[in-house]
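Student: Pasting a predicted model and its sequence here:
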Amino acid sequence: MAELDLVATVRVTPTAPFHFDGTLFKPDHFPSPDTTWEPGTRWQTMLWKGDALGLVIMDEGEPDHPALRVDIYATRPLDDESVDSLVAELRYRLNLDFDPDDFYLRFSRDPVLGPVLERWRGLRPAHTGSLYEYLMIGIVLQNTTVRRSIQMLRALLEAHGELLQFDGQRLWCFWPPGGLTSVSDDELRALKVGYRAKSIKRIDDAFAAEQVNEFQLRHCDGNEQRKALLALYGVGPATVVYVLTDVYHQWNALDHISPWEQKIYSRILFDTDPDDPVPVEQLLARIAQWVPYRALAVHYLWEDLWWQHTNTPLPWLTTLIRS
DNA sequence: CATCAGGGCCCTG
DNA sequence: CAGGGCCCTGAT
């Protein structure tokens, strides 16, 4: 375990309006041991340019005059350039330059979306991890229950990640892309990831061989990004939609609905019983009303639902996810 | 106890 | 383009 010291404090200004908790905590994401949250504060590990860092991101503003304080913990002092590049990366990953005006203008009077936009004014999608890390999470999500996904990610981190202690927290930091090249298939399977071991290995290989470049892909259009991601072994139509929105901020990327999501959309868009879901085609037709912000619209609805569920458990959702 | 599906994807025919 | 197989685990 590495004990980190506070090496820098920076103040970062997001665009207004900004909803801190709605952006920094996503109750629908399963708890992963690289992060923790309480209202107004998020703790997060981050591997950046070879340094395993601890970040404490704090709300020090108001929705209309937002400000974040970021305490950076590390094992060594960081030069200004490193800190600057880290802050720029956070601006990107957390969508701190997000401009929702057009989206809000179009849909503030939408009967379904309008009230949700009001409640969560300033919320934006955000993922603090890298593309590689997101893909690892995407793989452990596949074809299993949430409970096992949590177990698998924890096992992977405990075997190949690094435990960091900072600001009173102990959290795991991911291993670097290409960090599994010397790990055998059997070793991975021993972590009970099952046949996903193959996908994990092959994605790690692809990064080691520089077949994917997270940063170059940011300058490509959505179709090229989709193509590059689908070329990765283990990434299919469900995972690619998540990556395109959460990692590449494609606010219109939504052309696939998986069975468990179908049940939830049926309930929130048509108020039907999850056991008797609306056909996917019909759901997609409804969601098409929010073009060119299909993914963004759905993100707001989804987060609103899960926050409700977090505050007062919704029985139908509890039975559906049975985590 | 046995069987089965789960917050998919790949591969085959 | 439809369907079988895949690691494991908890639910039934």
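Tutor: Now that the structure is in, tell me what you want to look at.
Student: could you show me where the strands are in the stretch 1-150 of chain A, in order?
Tutor: For the stretch 1-150 of chain A, the strands defined by DSSP state E, counting those that start in this stretch cover A:2-3, A:5-12, A:35-38, A:41-48, A:51-59, A:68-74.
Student: For the residue of chain A found nearest DNA strand B, what are phi and psi?
Tutor: Relative to DNA strand B, the nearest point of chain A is A:Gly236 (2.2 Å; CB to the nearest atom of the strand). Yep, even glycine has a C-beta here, placed from its N, CA and C like the rest. Here is the backbone geometry of A:Gly236 (degrees, to the nearest 10): phi -120, psi -170.
Student: pretty sure it is touching A:Leu230, no?
Tutor: Yes - A:Gly236 is within contact range of A:Leu230, at 7.2 Å (criterion: CB atoms under 8 Å).
Student: pLDDT score assigned to A:Ser323?
Tutor: Looking at A:Ser323, its pLDDT stands at 59.
Student: List the contacts of A:Gln142.
Tutor: Residues in contact with A:Gln142, defined by CB atoms under 8 Å, 6 or more residues apart in numbering, are A:Arg196, A:Gly234, A:Ala238, A:Thr239.
Student: Same list, these, but as CSV with secondary structure please.
Tutor: Compiled in CSV, those are given as follows (DSSP: H, G, I helix; E, B strand; the rest coil):
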residue, secondary structure
A:Arg196, helix
A:Gly234, coil
A:Ala238, helix
A:Thr239, helix
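Student: With respect to DNA strand C, which of these is nearest?
Tutor: Using CB to the nearest atom of the strand, those come closest to DNA strand C at A:Arg196, 6.6 Å.
Student: what sits against the residue found closest to the closest one once you drop the neighbours it is linked to in the chain?
Tutor: Nearest non-adjacent residue to A:Arg196, counting by CB to CB, 6 or more residues apart in numbering: A:Ile139, 5.2 Å away. Neighbour list for A:Ile139: A:Val193, A:Arg196, A:Ser199, A:Ile200, A:Ile203, A:Gly234, A:Thr239 [criterion: CB under 8 Å, 6+ apart].
Student: what do you get if the cut-off is 10 Å, keeping everything else the same?
Tutor: If a contact means CB atoms under 10 Å, 6 or more residues apart in numbering, then A:Ile139 has A:149, A:152-153, A:156, A:193, A:196-200, A:202-203, A:232-235, A:239 as its contacts.
Student: does A:Gln211 count as helix, strand or coil?
Tutor: coil.
Student: Just the pLDDT for it.
Tutor: For A:Gln211, pLDDT reads 95.
Student: give me the number of residues near it?
Tutor: 12 (other CB atoms under 10 Å).
Student: these two touch, right, it and A:Asp205?
Tutor: Yes - counting by CB atoms under 10 Å, A:Gln211 touches A:Asp205, with 8.2 Å between them.
Student: can you tell me if the longest helix anywhere in chain A touches DNA strand B.
Tutor: Ranked by residue count under DSSP state H, the longest helix found in chain A is helix A:294-311. No - remark: helix A:294-311 sits outside contact range of DNA strand B, by CB under 7 Å from any atom of the strand, the gap being at least 8.9 Å.
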